[in-house]
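K.L.:
With the sequence up front, the predicted model follows.
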Amino acid sequence: MTEFELIARIGQLFEEMPRNGFEEPGDDCTVLGVGCGESLLFTADLLTEGIHFLRATTPPYELGRKALAVNLSDVAAMGGRSVATLLSLALPPDAADDWAEAFLQGYRDLSAEEGVTLAGGDTTSSRRDITVNVTVIGRAADRCIKRRSDARAGDAIVVAGALGASGAGLRDLLAGRTDTPNARIHNAPVAQTAEGVWLGERTEVHAMMDLSDGLASDLRHIMERSHVGAAIDVERIPVAAGADLAAAVTGGEDYKLLFTAAPEALPELRRAFEARFGRPLHPIGTITDTAADGAIVWLDRGRRIRPDWHGYEHNA
């Protein structure tokens, strides 16, 4: 059973359960309206040694930051700001002292930078491998929440940064090159919190999510939830230094924001974003009417190509 098949099965088992005020799952976060025009956002993520990181190539301080950053990114992808976290750790004996201290320092430093409190969690021992579980609670004005289901035919498809650095960094780490710029990016990604909050305020921005599994995989979530198609101009994809197009499309763990926006408002949106953040937005394609086969249409200077590109998906 793949990861997405397991998620689908969980949905089937719980579809008749009362929602108790929570929206249906399917976005980067679960949404709970709390009144007065605001909602709470909840997200959780697991990092497992040997699957998501290797102890030999991932300094514990950087892993502490990464464990938090990937969850902050989910909240930012819905236009919210994180306010609290829950941290649970399963540690083997050889990671219970110096390793744990460095990990917690990294987690603490990023928490302080983002103004997020640690509200609770759990610790336990493990026989061999490290497991990290982080839950983040965010908040957002209801009018600012961006969902994967809000893309519209004709929207521009936009990414908020260069792609592929993390995938290239993983290749470096596996080859023993642990001190390259992309290896450091892979080990310590940065959530686009300020950008997500800013984009959440913009009514011309419709659907939004973060890029965790790669453009080739993540864009399909917007397509499925919004019942639309997508055409991507591959020559417009911003490829990070040291990466290639394949890494930019399939590598995953870039944690850049992917969103759709009204095309007539895009020029002003791009000007305002660059004035605010000092770097550009990158339009890479267009939302189309529903694709017959559910596939992304890849275009190279207007000519359709059929690459075998798939985002990251591990077996459950």
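P.N.:
Everything's here; your move.

K.L.:
Which helix or which strand is home to G33?
P.N.:
Using DSSP states H and E, G33 sits in strand 30-35.

K.L.:
Run the chain-centre distance for that strand.
P.N.:
On the basis of Cα atoms, centre = their mean, to the nearest Å, strand 30-35 is displaced by 21 Å from the centre of the chain it belongs to.

K.L.:
May I have the helix or strand just after that strand exported as CSV, CA atoms only?
P.N.:
Per DSSP H and E, the first helix or strand lying C-terminal to strand 30-35 is strand 38-48. Coordinates of each C-alpha in strand 38-48 appear next as CSV, following Å, rounded to 0.1, in the frame of the first residue of the first chain:
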residue,chain,number,x,y,z
GLU,A,38,-10.8,33.4,12.5
SER,A,39,-9.8,29.8,12.3
LEU,A,40,-7.2,27.5,13.8
LEU,A,41,-5.0,25.5,11.5
PHE,A,42,-3.5,22.1,12.5
THR,A,43,-0.8,20.1,10.8
ALA,A,44,1.5,17.2,11.8
ASP,A,45,4.5,15.5,10.3
LEU,A,46,6.8,12.6,11.0
LEU,A,47,10.5,12.3,10.4
THR,A,48,11.9,8.8,10.6
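
K.L.:
picking that back up, what packs against the strand holding G33?
P.N.:
Using 3 or more Cβ pairs under 8 Å, 6 or more residues apart in numbering; DSSP states H and E, the elements in contact with strand 30-35 are strand 38-48. C-beta coordinates here come from the backbone N, C-alpha and C atoms, glycine included.

K.L.:
low-scoring stretches of the stretch 151-300 of the chain, by residue?
P.N.:
291-292 (pLDDT under 70).

K.L.:
all strands for it, in order.
P.N.:
156-159, 205-210, 229-233, 257-261, 282-288, 297-300 (DSSP state E, counting those that start in this stretch).

K.L.:
Please name whichever of those strands is nearest to E3.
P.N.:
Closest to E3 of these is strand 205-210 (Cβ to Cβ; 16.3 Å).

K.L.:
partner residues bridging I232?
P.N.:
Under DSSP bridges, the beta-bridge partners of I232 are G285, W298.

K.L.:
so what's the residue nearest to the spatial centre of the chain up against?
P.N.:
For the chain, D210 is the residue whose C-alpha lies nearest the centre (Cα atoms, centre = their mean; 3.4 Å). Residues in contact with D210 (Cβ atoms under 8 Å, 6 or more residues apart in numbering) are D28, S73, D74, A76, A77, A191, Q192, D218, Y255, K256, L257, L258.

K.L.:
hang on, the earlier thing: so for the strand holding G33, what gets flagged as buried?
P.N.:
If you call a residue buried by 16 or more other Cβ atoms under 10 Å, then strand 30-35 has these buried ones: T30, V31.

K.L.:
Stretch 129-142 now?
P.N.:
I130, T131, V132, N133, V134, T135, V136, I137, G138, A140.

K.L.:
shouldn't the first one be in contact with L91?
P.N.:
Yes - with contact defined as Cβ atoms under 8 Å, I130 counts as touching L91 (5.9 Å).

K.L.:
what residue of this protein is the furthest out?
P.N.:
P93 (31.6 Å).

K.L.:
so who does the residue lying closest to that one once chain neighbours are set aside touch?
P.N.:
Closest residue to P93 in three dimensions, ignoring its sequence neighbours and counting by Cβ to Cβ, 6 or more residues apart in numbering: S125, at 7.3 Å. Counting by Cβ under 8 Å, 6+ apart, S125 touches A90, L91, P92, P93, A96.

K.L.:
Quick check: phi and psi at S125.
P.N.:
Phi and psi for S125, reported as degrees, to the nearest 10, are phi -100, psi 160.

K.L.:
Kindly state the beta-bridge partners for it.
P.N.:
L91.

K.L.:
likewise the one 10 residues further on?
P.N.:
Beta-bridge pairing of T135, defined through DSSP bridges, involves A44, L86.

K.L.:
Find me the pLDDT at it, would you?
P.N.:
For T135, the pLDDT comes out at 98.

K.L.:
measure it to A84 for me?
P.N.:
9 Å (Cβ to Cβ, to the nearest Å).

K.L.:
Make TSV from the buried residues of stretch 129-142 and add distance to E204 to it.
P.N.:
Shown next, in TSV, are the buried residues of stretch 129-142 (distance: Cβ to Cβ, whole Å):
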residue	distance to E204
I130	43
T131	41
V132	37
N133	36
V134	32
T135	32
V136	27
I137	28
G138	22
A140	17
